[in-house]
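**Student:** Pasting the sequence and the predicted coordinates here, then a few questions.
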Amino acid sequence: MKLVTFRPDVSAAARLGVVQEHTVIDVAALGSAIGHALPADMLDLIEHGPPGLAALKGVLDDIGERLPYGTAMPLA
């Protein structure tokens, strides 16, 4: 799993993302879409420590390739 910090646009706050192939998954948007609290940014993930990383891995394993609409964007 490759973690990244990204901005969906120039004026947006930095967000936590996961790179899968040619796509960045917005972790906070994914959490909102599936009703699961996930870290919004890299510092939030670090604060949650290993349990937070394990929870994120578990969610990604559970959804597999079935990403909810609006949670992923192509790498530019």
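**Tutor:** Sure, I can see it. Keep in mind the model is a prediction, meaning the values are calculated, not measured.
**Student:** Where do the helices of this structure begin and end?
**Tutor:** With helices called from DSSP state H, the chain shows them at 27-34, 42-63.
**Student:** what's the most buried one of the ones you listed?
**Tutor:** Mean neighbour counts were compared across the helices of the chain using mean count of other C-beta atoms under 10 Å; the top stretch is helix 27-34, at a mean of 19. To be clear about C-beta, it is placed using only N, CA and C from the backbone, and glycine gets the same treatment.
**Student:** Show me which residues of stretch 1-10 are buried.
**Tutor:** Buried residues in stretch 1-10, counted by 16 or more other C-beta atoms under 10 Å: none are found.
**Student:** residues in contact with it?
**Tutor:** 13-19, 24, 26, 41-42, 45, 56-57, 60, 73 (C-beta atoms under 8 Å, 6 or more residues apart in numbering).
**Student:** go on, stretch 65-73?
**Tutor:** Contacts of stretch 65-73 (C-beta under 8 Å, 6+ apart): Pro8, Gln20, Thr23, Val24, Ile25, Asp26, Ala29, Leu30, Ala33, Ile34.
**Student:** repeat that for 10 Å
**Tutor:** For stretch 65-73, contacts defined as C-beta atoms under 10 Å, 6 or more residues apart in numbering pick out 6, 8, 17-18, 20-34, 60, 63.
**Student:** Identify each buried residue in that stretch, please.
**Tutor:** Buried residues in stretch 65-73 (16+ other C-beta under 10 Å): Leu67, Thr71, Ala72.
**Student:** Many thanks, I have nothing further to ask.
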